[in-house]
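let's see this in three dimensions:
(2 chains)
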Amino acid sequence: MATPVLEIIDLKKTYKRGWRAKPVHALKGVSFKIEPGVITGFLGANGAGKTTTIKCLLELSLKDSGRIFYFGHEGLTNEAKSKIGFLPERPYFYDYLTGREFLRFYGKISNRLKASDLDQRVSDLLKRVGLAHAGDRQLRSYSKGMLQRVGIAQALIHRPEFIILDEPQTGLDPDGRFEVREIIRETASEGTAVFFSSHLLPDAEQLCDDLVIYKQGEMIYNGATSKLLQQAESGFQLTFGTQQVAEAKTLQELNAKIDEIRKQGAEIREIKPKRLSLEEIFINMGFDAKPDNAQRAVDTRAGANR
Amino acid sequence: MNYMKSIATIGINTYREVIRDRILYGIVVFALLLIGLSIVLGGLSFAEQAKISADFGFAGIQIGASILSIFVGSTLVAKEIDKQTILTLLARPITRTQFVLGKFVGLLLTILTVMVGLAAVLAGLLLFLGLSITPNFAIALYGVVLEALVLVACTLMFGVISRPIMTVLFASSVFLIGHWVSSLEGLMKMKSIASDPTFLVGRQLAKFVPNLERFNWRSAPIYNLEVPGTDLITATVYAFGWMIIFLALTSFIFRRRDFV
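A predicted model of the protein is given here:
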């Protein structure tokens, strides 16, 4: 088994705003792993602790306790940092730099690229994120989508083995979201592990191999996306004849239904598993804070842990 | 090697940031106006026009360098934190100390660039007024550089613990007290106030502020005074000592900072 690019064990973080304020337990002992070359989605409601986790693992915020291993070694050394790319939430960049200067700056500071390769790498990345035409313009003239794309390019400039993207699709139009999704997919296909937080659940469902789900500072799911979706499957739906619909709870029941429909001489048009989308599962986990979702959330958690 | 390279990269980026900032040009115009004013004021004197112009000219360069150190220095770190550009930077293989040193180097480079430009203008003016340019001219400028070293480091230190407006206030206080420390030392010799409690407290507090008058050699080129080599060496050591103390404190505080 390959060494995880990141392993967090029992991470805790408490904030105290002001001298007399009550401490806020942002992270209550979370543990999870990220495997190499895998796209991992990081989900949770606002304030669940996603950004705090990201900041703690990059030592932008100092953890209270817990252990963090990067590429099998404990502690964030400069060597580990040179293998990590990062795009923060709502990024602001040095707007007095041109796109090209900006990427050159991050390439240089990453200490991983030869000076002779840097210009070529910058040009390639600008092209890849669709900004080849705007490389010599100052960032202050970029649109939000362009800034997000150049931000992703800075995270990738040094060919990292692991990238962390904090809500990379926030505020983008559908085209922008699609482009970011494609870049993430392409990056992972080159063997880079991608860890990204998002509120866009359909995108996470499409993209992510694994998921880490938080609720109020606690990790409530860490595992394959497919496993979570499978657990929420509740049978099959058949469409036959002239848009008639039948349902079957088990595979045996489905076969029996098929035989019955065929005997009737009707044509089967579609058979699909009846399952909840990630968005529905997420809501069932109680993120919308409706009291009647509490039991369903417990059920789903129990299923996830089986 | 990589350690210094990273500091240089951040320094060059900071230099680029300040050079492309409009505030710099405001300060440069202000300093040029002061130098220009020196001709007008010099013209009021019949005998000493060149000397008065030189005096005001050097003051213009010193004030320009100090304003740059304090006003630009106060926002250097705060801007990175407010705009969150610091997050992507510190996620790279650099330490927080390297970040602080890079910012320091960048602003110092900018100040040196501006000073070279202003010094060239002043030199041309003095030559025009018939004053010769001696090595003392460079010594006077060297003093301004040493003062800038201390002021930039001091402003950065306040910049990591307070908002820009407070940083300007604190750093300006150090600038003013730093120039009054010499007068305070002179007062200490007066027996009548030497035992006054307020004065005694002030005397102790003054020990925590660098004496910026130690770098004042601006009258040397005007009156052809000789600046002893030992003065230059001790002042250099003194400036670097304060600079190291301020930068070490900045780094110490900054390493413990949470970016929430």
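
show me the shaky parts of the stretch 201-306 of chain A.
A:286-306 (pLDDT under 70).

repeat that for 90
Residue ranges of the stretch 201-306 of chain A with pLDDT under 90: A:201-207, A:215-216, A:220-223, A:225-306.

just the strands in it please.
Remark: strands assigned in the stretch 201-306 of chain A by DSSP state E, counting those that start in this stretch are A:210-215, A:218-224, A:233-240, A:244-248, A:268-275.

which neighbours does the shortest one have in its sheet, and in what orientation?
The one in question is strand A:244-248. strand A:233-240 (antiparallel) (DSSP bridges).

for residue B:81, which of the strands of the stretch 201-306 of chain A is the nearest?
strand A:210-215 (25.6 Å; C-beta to C-beta). Using the backbone N, CA and C atoms, a C-beta is placed for each residue, glycine as well.

about what we covered before: mind putting the strands of the stretch 201-306 of chain A into CSV with mean neighbour count?
Shown next, in CSV, are these (neighbours: other C-beta atoms under 10 Å in any protein chain shown):
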stretch, mean neighbour count
strand A:210-215, 24
strand A:218-224, 18
strand A:233-240, 16
strand A:244-248, 14
strand A:268-275, 13
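
residues of chain B that sit close to chain A?
B:2, B:5-6, B:9-10, B:13, B:16-17, B:20-21, B:83-85, B:87-95, B:256, B:258-260 (C-beta under 8 Å from any C-beta of the partner chain).

how close does the closest residue to residue A:204 other than its chain neighbours get to chain B?
Nearest residue to residue A:204, sequence neighbours excluded (C-beta to C-beta, 6 or more residues apart in numbering or on different chains): residue A:41, at 3.9 Å. If you measure residue A:41 against chain B using C-beta to the nearest C-beta, to the nearest Å, the figure is 20 Å.

could you verify that residue A:41 is part of a strand?
Yes. Assessed by DSSP: H, G, I helix; E, B strand; the rest coil, residue A:41 belongs to a strand.

and it, what does it touch?
A:196, A:197, A:198, A:204, A:207, A:208, A:210, A:211, A:212, A:225 (C-beta atoms under 8 Å, 6 or more residues apart in numbering or on different chains).

grab the most central residue of the chain for me.
Reading this off chain A. With distances taken as C-alpha atoms, centre = their mean, the residue of chain A nearest its centroid is residue A:41 (2.5 Å).

my question was about chain B, not that one.
residue B:148 (2.1 Å).

any idea of the mean pLDDT for stretch A:13-22?
Stretch A:13-22 shows a mean pLDDT of 80.

residues from chain A in reach of chain B?
Residues of chain A lying near chain B (C-beta under 8 Å from any C-beta): A:15, A:55, A:58-62, A:78-79, A:81-82, A:84, A:86-88, A:90-94, A:96-97, A:101, A:105-106, A:108-112, A:151, A:154-155.

how about low-confidence regions in the stretch 51-200 of chain B?
Short version for the stretch 51-200 of chain B, where the test is pLDDT under 90: B:51-60, B:81-85, B:121-122, B:124-136, B:177, B:179-200.

surely residue A:274 touches residue A:239?
No. Using C-beta atoms under 8 Å, residue A:274 is not in contact with residue A:239; the gap is 11.7 Å.

what's the longest helix in chain A?
Longest among the helix segments of chain A by residue count, using DSSP state H, is helix A:174-189.

how about that helix as PDB, C-alpha atoms only?
Output in PDB follows, covering the C-alpha atoms of helix A:174-189 (Å, rounded to 0.1, in the frame of the first residue of the first chain):
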ATOM      1  CA  PRO A 174     -21.000  27.300 -14.900                       C
ATOM      2  CA  ASP A 175     -18.300  27.600 -17.500                       C
ATOM      3  CA  GLY A 176     -15.700  28.500 -14.900                       C
ATOM      4  CA  ARG A 177     -16.900  25.600 -12.700                       C
ATOM      5  CA  PHE A 178     -16.600  23.300 -15.600                       C
ATOM      6  CA  GLU A 179     -13.100  24.500 -16.400                       C
ATOM      7  CA  VAL A 180     -11.900  24.100 -12.800                       C
ATOM      8  CA  ARG A 181     -13.400  20.600 -12.700                       C
ATOM      9  CA  GLU A 182     -11.500  19.700 -15.800                       C
ATOM     10  CA  ILE A 183      -8.300  21.000 -14.400                       C
ATOM     11  CA  ILE A 184      -8.700  19.000 -11.200                       C
ATOM     12  CA  ARG A 185      -9.500  15.900 -13.200                       C
ATOM     13  CA  GLU A 186      -6.500  16.400 -15.400                       C
ATOM     14  CA  THR A 187      -4.200  17.100 -12.500                       C
ATOM     15  CA  ALA A 188      -5.200  13.900 -10.700                       C
ATOM     16  CA  SER A 189      -4.800  11.900 -13.900                       C
END
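
and the contacts of it?
Contacts of helix A:174-189 (C-beta under 8 Å, 6+ apart): A:37-39, A:128-130, A:144-145, A:148-149, A:152, A:156, A:163, A:165, A:168-169, A:172, A:194, A:196, A:200, A:203, A:206-207.

can you list the buried residues in that helix?
A:176, A:177, A:179, A:180, A:181, A:183, A:184, A:187, A:188 (16 or more other C-beta atoms under 10 Å in any protein chain shown).

how close does residue A:274 sit to residue A:251?
As defined by C-beta to C-beta, to the nearest Å, residue A:274 lies at a distance of 13 Å from residue A:251.

what backbone torsions are found at residue A:67?
Note on residue A:67: its backbone torsions stand at phi -120, psi 140 [degrees, to the nearest 10].

quick check: closest non-adjacent residue to it.
Residue A:67 sits nearest to residue A:9 (C-beta to C-beta, 6+ apart), 4.4 Å away.

just checking, the one you found touches residue A:31?
Yes. Between residue A:9 and residue A:31 there is a contact at 5.0 Å, judged by C-beta under 8 Å.

next, the angle helix A:174-189 makes with the helix or strand encompassing residue A:153.
Here residue A:153, judged by DSSP states H and E, is contained in helix A:144-156. Here helix A:144-156 runs at an angle of 10 degrees relative to helix A:174-189 (axes from the mean of the first three to the mean of the last three C-alpha atoms, to 10 degrees).

which strands and helices sit next to the very next helix or strand once past helix A:144-156?
For helix A:144-156, the following helix or strand on the C-terminal side (DSSP H and E) is strand A:162-166. Contacts defined by 3 or more C-beta pairs under 8 Å, 6 or more residues apart in numbering or on different chains; DSSP states H and E place strand A:162-166 against helix A:50-57, strand A:84-87, helix A:144-156, strand A:193-197.

same thing but 6 Å
helix A:50-57, strand A:84-87, strand A:193-197 (3 or more C-beta pairs under 6 Å, 6 or more residues apart in numbering or on different chains; DSSP states H and E).

tell me the angle the first one makes with strand A:39-43.
Per the same axes, to 10 degrees, the angle that helix A:50-57 makes with strand A:39-43 is 120 degrees.

avg pLDDT for helix A:50-57?
For helix A:50-57, the mean confidence score works out to 93.

tilt between it and strand A:193-197?
Using the same axes, to 10 degrees, helix A:50-57 lies at 140 degrees relative to strand A:193-197.

which other residues reach helix A:50-57?
Residues from elsewhere that reach helix A:50-57, judged by C-beta atoms under 6 Å, 6 or more residues apart in numbering or on different chains: A:13, A:26-27, A:42, A:44, A:61, A:63, A:68, A:89, A:164, A:166, A:197, A:214.

out of the residues you listed, who's nearest chain B?
Checking those against chain B by C-beta to the nearest C-beta gives residue A:61 as the nearest, at 4.9 Å.

correct me, but that closest one touches residue B:257?
No. Contact criterion C-beta atoms under 6 Å: residue A:61 and residue B:257 do not qualify, at 9.5 Å.

now for residue B:136, how many residues are close by?
As a burial measure, residue B:136 scores 19 neighbours (other C-beta atoms under 10 Å in any protein chain shown).

now swap in residue B:22 and tell me
6.

again, but for residue A:29
The burial count for residue A:29: 16, using other C-beta under 10 Å.
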